[in-house]
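Visitor: Below is the sequence, then the predicted model.
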Amino acid sequence: MGVGKSAENVIQDQEILTSKYGPGIGAVEAKPSEEEIALEKKLLRKIDLLIMPLIVVIYLMNFIDRNNYAAARLQGLEDDLNLTSERYQAGLGIFFVGYILGSVPSNQVLNYTGRPSLYLGLTTIAWGLVSALTALVQSYGGILGCRLALGFVEAPFFPGVLFYLSKWYTKAELSMRMSLFYIGSLIAGALGSLIAAGILHGLAGRHGLPGWRWLYIIEGVITVVLGFLVILVLPEFPHTWKGLSPELRRVANRRMAIEAAEADIDEGERMSQVKGFILAMKDIRVHVLAFAFMCKSAAGGFSFFFPTLTSTLGYSNTVSLLLCAPPYAFVALWSIGHSWASDRLRKRFWFLIYPMPVVIIGWIIFMTTDSFGPRYLSLFLMLMIFSINGTFFAWIATSIPRPPAKRAAAYAYINAVGGSASIWTPFTYRDEDKPHYRPALGLNIALWVVTAACFVFMYFSLTRENKRLDRLEDEDVPLSHEDFERLQKTAEIEGVDIATARSLQKTHRYVI
């Protein structure tokens, strides 16, 4: 009958289970004890207070270092480097060429090494150094080289952290934490413009350096320091972090096994990374999520021109930078409430859908009005596109529950495909389309609608999967040999019997 067991052998396995653990295997509920609940709360406090503040601050600097190019444009970068509009846009887009090249292999390396503190810390130091050295460039070729290198060394951080968080938090906790993580970028949008305005006002010309060079130096040095802090402080994965007591490590592993319905540890060693990538490429949902992220990223590309958009309101460069801060601050606060509600209600789809008409209204207002009030209001509405990010990335994590090698490859692939949109979107914001940028914003509306269609596909796909899981939960359905082996692995990792291991499967459903 080929490789594997025959139907008769599978039935024998089932009979062995029944004789050993009694009829109705799976009847034992995996209910945590009061002690385990207390330990889980202690674990959450520990990782919340240690992990979340650190990665939020690092991502804040990641976003500032990536986007200070737009702020530097208002501080003399174009004139000093003799950049035309097309050259400036090429410098913006080439960042994402390096970003894509560095994305996919990075998470595979991270999952293989099992040392996120060292890996993410070193890449943070690398992009801080590249950012600081950008202050030395003197030509168009120099800025292209620095932007390409910056994209490559920044690539591991974002998908790496998404994968990293999915190893620590359950699906009921992810949206809020991922929103808090992503809020670093929204705070960076506000804080970065304020820093740029302060440097333009206070340091421009100091020691003969223009403001944009000081911008790169100061922010690059801060990032290098934070990179060393990541190496020293960031904990590893739950099953490898020595800072956890045996009791907390057991709770951390158990809750993630319950979450994934199986042990959240790869089956193999070296080959598991290749296998994980192949598994990710075979999953249609991975490709749909990647396409949705690409369309969303393209539609959100206006953020790289945000200081340019505020400059169309008719104020000086310094005031234009200051005007960037309130819309970002508003959306940052909104995102916290948005993600809290999504976690509390355990809903994802509708929280991804409701901001869509709001954002479209913002684009339409900007394209059709000239007065300050409506146009400035439109900037607030446009930025609502970023309120869904925490929910979206949490949906990715819970839609690809295991194995870790597959999830790592999927995150990196989705991030790389999404980043590809930013290679060409800068060229849609042409100087001749000022001040309304109608072609670019009209394209954004179309892309936003396609993103919604991808979310609808995911809604029906995951609903169908949950119905399948409902059928498998029926205890009258016999276990296949593959199911039996997976239960054995989960039971070994968790230190429980097979009956309890099967009862863990009952708790898993895709969050929709």
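Guide: Nice, thanks for sending it over. Numbering: from 1, shown residues only.
Visitor: Could you check the pLDDT of Leu379?
Guide: Predicted confidence (pLDDT) for Leu379: 95.
Visitor: so who does it touch?
Guide: Residues touching Leu379, when contacts are defined by CB atoms under 8 Å, 6 or more residues apart in numbering, comprise 306, 309-310, 327, 362, 366. To be clear about C-beta, it is placed using only N, CA and C from the backbone, and glycine gets the same treatment.
Visitor: Then Asp431?
Guide: Asp431 makes contact with Ser85, according to CB under 8 Å, 6+ apart.
Visitor: List the buried residues in the host helix or strand of Cys295.
Guide: With secondary structure defined by DSSP states H and E, Cys295 is part of helix 284-299. Residues of helix 284-299 classed as buried by neighbour count (16 or more other CB atoms under 10 Å): 285-299.
Visitor: Report the residue spans of the stretch 151-300 of the chain with pLDDT below the cut-off.
Guide: Along the stretch 151-300 of the chain, segments meeting pLDDT under 70 span 171, 175, 200, 257-273.
Visitor: Could you pull up phi and psi at Asp370?
Guide: Dihedral angles of Asp370 (phi, psi; degrees, to the nearest 10) stand at phi -130, psi -20.
Visitor: Ok, Trp241 next?
Guide: Phi and psi for Trp241, reported as degrees, to the nearest 10, are phi -70, psi 120.
Visitor: hang on, isn't it packed against Asn253?
Guide: No. Shown here, Trp241 and Asn253 do not form a contact pair, counting by CB atoms under 8 Å, at 10.9 Å.
Visitor: thinking again about what came up before, now go through the contacts of Leu379 and say which are in helices.
Guide: 306, 309-310, 327, 362, 366 (DSSP state H).
Visitor: And those, which is the shakiest by pLDDT?
Guide: Between these, the one the model trusts least by pLDDT is Phe306, at 87.
Visitor: Contact partners for it?
Guide: So, once contact is read as CB under 8 Å, 6+ apart, Phe306 ends up touching 70, 189, 193, 324, 379.
Visitor: Recalculate using a threshold of 6 Å.
Guide: For Phe306, the residues meeting the contact criterion (CB atoms under 6 Å, 6 or more residues apart in numbering) are Cys324.
Visitor: what bits of the stretch 351-500 of the chain have low per-residue confidence?
Guide: Filtered on pLDDT under 70, the stretch 351-500 of the chain yields the residue ranges 401-404, 468-500.
Visitor: The spatially most central residue of the chain sits in which helix or strand?
Guide: For the chain, the residue whose C-alpha lies nearest the mean C-alpha position (CA atoms, centre = their mean) is Leu162; its distance is 4.7 Å. Using DSSP H and E, Leu162 sits within helix 157-166.
Visitor: Show me where the stretch 201-350 of the chain has its helices.
Guide: Counting by DSSP state H, counting those that start in this stretch, residue ranges of the helices within the stretch 201-350 of the chain are 211-233, 246-260, 270-282, 284-299, 306-311, 317-323, 325-345, 349-353.
Visitor: thought Val251 was touching Leu39?
Guide: Yes. Using CB atoms under 6 Å, Val251 and Leu39 qualify as a contacting pair, with a distance of 4.7 Å.
Visitor: which one of these two has more residues nearby?
Guide: Of the pair Val251 and Leu39, Val251 is the one with more neighbours under other CB atoms under 10 Å, namely 24 against 20.
Visitor: now the more buried one: how far from Thr170?
Guide: Using CB to CB, to the nearest Å, one obtains 12 Å as the distance from Val251 to Thr170.
Visitor: ok, back up a step: tell me which strands and helices the helix holding Leu162 is in contact with?
Guide: Using 3 or more CB pairs under 6 Å, 6 or more residues apart in numbering; DSSP states H and E, the elements in contact with helix 157-166 are helix 85-113, helix 116-133, helix 404-424.
Visitor: Would you mind pulling the contact partners of the helix holding Cys295?
Guide: The contact list for helix 284-299, computed with CB under 6 Å, 6+ apart, reads 280, 396, 399, 410, 413-414, 417-418, 421, 425, 444, 447-448, 450-451, 454, 457, 461.
Visitor: Not counting sequence-adjacent ones, nearest residue to Ser303?
Guide: Gly189 (6.9 Å; CB to CB, 6 or more residues apart in numbering).
Visitor: which of the residues in the helix or strand hosting that neighbour are buried?
Guide: Secondary structure here is read from DSSP H and E; on that basis Gly189 sits in helix 171-202. For helix 171-202, the neighbour count (16+ other CB under 10 Å) marks 171, 173-193, 195-200 as buried.
Visitor: circling back to that earlier point, would you convert the helices of the stretch 201-350 of the chain into CSV that also reports distance to Asp431?
Guide: Formatted as CSV, the entries for the helices of the stretch 201-350 of the chain read as follows, by distance: least, CB to CB, whole Å:
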stretch, distance to Asp431
helix 211-233, 19
helix 246-260, 50
helix 270-282, 40
helix 284-299, 20
helix 306-311, 9
helix 317-323, 16
helix 325-345, 23
helix 349-353, 34
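Visitor: re earlier: just the buried ones from the contacts of helix 284-299, in ChimeraX syntax?
Guide: In ChimeraX, a selection of the buried entries from the contacts of helix 284-299 looks like this (16+ other CB under 10 Å):
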select :280,396,399,410,413,414,417,418,421,425,444,447,448,451,454,457
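Visitor: quick one, helices of the stretch 351-500 of the chain?
Guide: Taking DSSP H, counting those that start in this stretch as the test, the helices found in the stretch 351-500 of the chain are 355-368, 372-382, 389-399, 404-424, 438-472, 481-494, 498-505.
Visitor: got the buried residues for the longest one?
Guide: Under the neighbour-count criterion of 16+ other CB under 10 Å, helix 438-472 has 440-441, 443-444, 447-448, 451-452, 454-455, 457-459, 462 buried.
Visitor: Adding distance to Glu236, write those out as JSON lines.
Guide: Converted to JSON lines, these look like this (distance: CB to CB, whole Å):
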{"residue": "Ala440", "distance to Glu236": "43"}
{"residue": "Leu441", "distance to Glu236": "44"}
{"residue": "Leu443", "distance to Glu236": "43"}
{"residue": "Asn444", "distance to Glu236": "40"}
{"residue": "Leu447", "distance to Glu236": "38"}
{"residue": "Trp448", "distance to Glu236": "39"}
{"residue": "Thr451", "distance to Glu236": "35"}
{"residue": "Ala452", "distance to Glu236": "38"}
{"residue": "Cys454", "distance to Glu236": "34"}
{"residue": "Phe455", "distance to Glu236": "34"}
{"residue": "Phe457", "distance to Glu236": "36"}
{"residue": "Met458", "distance to Glu236": "31"}
{"residue": "Tyr459", "distance to Glu236": "35"}
{"residue": "Leu462", "distance to Glu236": "31"}
